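Visitor: kindly generate the corresponding structure for this input.
(chains A and B)
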Amino acid sequence: MQSPSLTHTFDVQVIRKDFPALFQEVYGKPLVYFDNAATSQKPMQVIERIDAYYRNENANIHRGVHYLSQKATDAYEQTRELVRELIHAEHLHEVIFTRGTTESINLVAQTYGRKFIREGEEILISGMEHHSNIVPWQMLCEATGAVLKVIPIQDNGELDMEAFDQLLTPKTKLVSVVYISNSLGTINPVAEMIEKAHAVGAKVMIDAAQAVPHMAVDVQALDCDFLAFSAHKMLGPTGVGILYGKEELLNAMPPWQGGGEMIKVVRFEKTTYNELPHKFEAGTPHISGGIALGTAIQYINKIGYEAIGAQEAALLEYGHKALAQIPDIRFVGTAAKKASVISFLIGDIHPYDAGTILDRMGIAIRTGHHCTMPIMERFGIPGTMRASFAFYNTFEEIDRMVEAIERARKMFA
Amino acid sequence: MPESILDTEAQIIEEFSMFDDWMDKYQYIIDMGNDLNGVDASAKTEENIVHGCQSQVWLTASVDDGHIFYQADSDAIITKGLIAMLIRVLSGHSPDEVIAARLDFVDAIGIREHLSPTRSNGLVSMIKQMKNYAVAFKAKAG
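Guide: Prediction:
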């Protein structure tokens, strides 16, 4: 197949050299890594930054007067600034370090939710949410008597926006939606949704775990109230995530976890809490991970979202065309605006069966429900095969996946 | 009287030794999956589901004259092939024999990677469930 011509100057082979994990064989075959929506691979710069921290800078942060502690604190806080710039937050203290998107969402549910959402009031999510943007709200509803409402998905994998308009009422206190679906690849019209939600007085949380790795996200332009994402999907380490929140809301929210770092004065009679962002950052954080997230952001900045977006769009287009030639293929999620995620089924072959055979041919794709069981129920399927591309993937790798699928088809014929 | 569990295991090991390519091994597992009778729709109930599998697996067992007979099904063929092998090895034996079976053949035929408890095909869950039936039948008979 003809590769689409790329409009940017981008040498993928040079980029790939930064990612050591891509250069290995599995079962004697060169690895094709198409599970980027689950987690991205890490460039050497990030890996070496973690190593350098433990070799040269290891110290606890925000508390020591000594040289090492200051050095580690500076490096860690530099990442906060890099995150602020990346998502264009107004204030540095609107950037809270967490363990990941899941913890960020739970933090909002357990603090903002418990303080401001009452019995009978409504929380609106969508039918394409990851379990991590469903269960924390169900737990909140159980605790408060609030009601969870769900925006349905259309057959093409887009949200039913007419239904959204109807579900959005003055009773709606919070809308929490995914920016880009990890299972379907759909890019949701979140700017429009935020505006409409604000018009009825609801706050909006955006799960941007699949967005920030692939496209520029501007929290002020979006005017979202909260936004969450994870380092590990954007070239950084696991165990680190970000919660962005508007200053006014974060100040009004009670702290969540108690401990060191988040306090100003501790007395047995009464403890006063620290200022933002530390109010929400109890305990020693994942220091090396936080610092290395900064390196990951610098790496993304160096390549640029424009080049990343162009390469991934080309991979998506090529992947769709190449896969479409397979007889009996069924794409799940064909939204007009999509990120580089392709979910599909081949005839009546169970995704698990196909995934097992592809694995033996060195192709790492995801099979199953992708932590979005309600989507699978909506489409009446046990799961899908999902190929998710990153900018370091190639057209040749897509060709290898298609060949492997053809071979698997014959085995199950 | 069926041959011993160890004899059947040895047979399966021999069958697999004829394949030098992993693809042929998987094809053989797929064929066994296709050949397994499965269970009636009425047996595909929540209580017969073996949890811990990425695909749906249903397992039932009955006892006849002190011997256990298993029936199983799955919506994924490789999973069905794996459980077909387990049924071939364990069905028709006494609860004590099933409980004592070490099932070393799984290792010997080179599908060891399926044994890790975190693997989504749930081979470990299936074995555990089959042994649970044996323990239950033994308790009932005892």
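
Visitor: got any ranges where the chain has weak pLDDT?
Guide: With no chain named, the answer covers chain A. A:1-9 (pLDDT under 70).

Visitor: um, chain B though
Guide: For chain B (pLDDT under 70), the answer is B:1-2, B:53, B:112-121.

Visitor: what's the helix or strand A:L358 falls within packed up against?
Guide: Element membership for A:L358 (DSSP states H and E) is helix A:351-360. With contacts defined as 3 or more Cβ pairs under 8 Å, 6 or more residues apart in numbering or on different chains; DSSP states H and E, helix A:351-360 has these neighbours: strand A:366-368, strand A:384-388, helix A:395-412, helix B:22-35, helix B:77-90. Glycine gets a C-beta too; all of them are placed from N, C-alpha and C.

Visitor: could you single out the most deeply buried of the ones you listed?
Guide: strand A:384-388 (a mean of 29; mean count of other Cβ atoms under 10 Å in any protein chain shown).

Visitor: ok, the residue in the stretch 1-150 of chain A that chain B sits nearest to - contacts?
Guide: For the stretch 1-150 of chain A, the residue positioned closest to chain B under Cβ to the nearest Cβ is A:Y27, at a distance of 7.1 Å. Contacts of A:Y27 were listed using Cβ atoms under 8 Å, 6 or more residues apart in numbering or on different chains, and they are A:D359, A:R360, A:M361, A:G362, B:W22.

Visitor: if we go to 10 Å?
Guide: If you count contacts by Cβ atoms under 10 Å, 6 or more residues apart in numbering or on different chains, A:Y27 has them with A:D359, A:R360, A:M361, A:G362, B:W22, B:E113.

Visitor: just the buried ones from these, in PyMOL syntax?
Guide: Selection of buried members from those for PyMOL, criterion 16 or more other Cβ atoms under 10 Å in any protein chain shown:
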select buried, chain A and resi 359+360+361+362
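
Visitor: assign the nearest residue to A:T284 once chain neighbours are set aside to helix, strand or coil.
Guide: In space, and not counting its chain neighbours, A:T284 is closest to A:N60: 5.8 Å by Cβ to Cβ, 6 or more residues apart in numbering or on different chains. Classification of A:N60 by DSSP: H, G, I helix; E, B strand; the rest coil places it in coil.

Visitor: what residues does the stretch 301-413 of chain A put near chain B?
Guide: A:348-357, A:359-361, A:367-369, A:382-383, A:407-408, A:410-413 (Cβ under 10 Å from any Cβ of the partner chain).

Visitor: on that earlier part again, and the next helix or strand past the helix holding A:L358?
Guide: With DSSP H and E, the next secondary element past helix A:351-360 is strand A:363-364.

Visitor: what packs against that following strand?
Guide: strand A:32-33, helix A:351-360, strand A:384-388, helix A:395-412 (3 or more Cβ pairs under 10 Å, 6 or more residues apart in numbering or on different chains; DSSP states H and E).

Visitor: partners of that strand in the sheet?
Guide: Partners of strand A:363-364 in the sheet, by DSSP bridges, are strand A:32-33 (parallel).

Visitor: show me what counts as buried in the following helix or strand past the strand it pairs with.
Guide: Following strand A:32-33 in sequence order, the next helix or strand is helix A:44-52 (DSSP H and E). For helix A:44-52, the neighbour count (16+ other Cβ under 10 Å) marks A:V46, A:I47, A:R49, A:I50 as buried.

Visitor: over to stretch A:81-93?
Guide: A:L82, A:V83, A:R84, A:L86, A:I87, A:A89, A:H93.

Visitor: check stretch A:252-272 too.
Guide: For stretch A:252-272, by 16+ other Cβ under 10 Å, it's A:M253, A:P255, A:W256, A:E261, A:M262, A:I263.

Visitor: and for stretch A:190-198?
Guide: A:V190, A:M193, A:I194, A:K196, A:A197.

Visitor: nearest to A:G245, of these?
Guide: A:I194 (14.1 Å; Cβ to Cβ).

Visitor: may I ask you to name the longest helix in chain B?
Guide: helix B:123-141 (DSSP state H).

Visitor: extract the CA atoms of it and return them as PDB.
Guide: What follows is helix B:123-141, C-alpha atoms only, in PDB (Å, rounded to 0.1, in the frame of the first residue of the first chain):
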ATOM      1  CA  LEU B 123      -6.200 -21.600  32.900                       C
ATOM      2  CA  VAL B 124      -5.400 -21.500  36.600                       C
ATOM      3  CA  SER B 125      -9.000 -20.500  37.400                       C
ATOM      4  CA  MET B 126     -10.300 -23.400  35.300                       C
ATOM      5  CA  ILE B 127      -8.100 -26.000  37.100                       C
ATOM      6  CA  LYS B 128      -9.000 -24.600  40.400                       C
ATOM      7  CA  GLN B 129     -12.700 -24.800  39.600                       C
ATOM      8  CA  MET B 130     -12.400 -28.400  38.400                       C
ATOM      9  CA  LYS B 131     -10.700 -29.300  41.600                       C
ATOM     10  CA  ASN B 132     -13.300 -27.500  43.600                       C
ATOM     11  CA  TYR B 133     -15.900 -29.700  42.100                       C
ATOM     12  CA  ALA B 134     -13.900 -32.700  43.100                       C
ATOM     13  CA  VAL B 135     -13.600 -31.500  46.700                       C
ATOM     14  CA  ALA B 136     -17.400 -30.800  46.800                       C
ATOM     15  CA  PHE B 137     -18.300 -34.200  45.400                       C
ATOM     16  CA  LYS B 138     -15.900 -35.900  47.900                       C
ATOM     17  CA  ALA B 139     -17.400 -34.000  50.800                       C
ATOM     18  CA  LYS B 140     -20.900 -35.100  49.600                       C
ATOM     19  CA  ALA B 141     -20.000 -38.700  49.300                       C
END
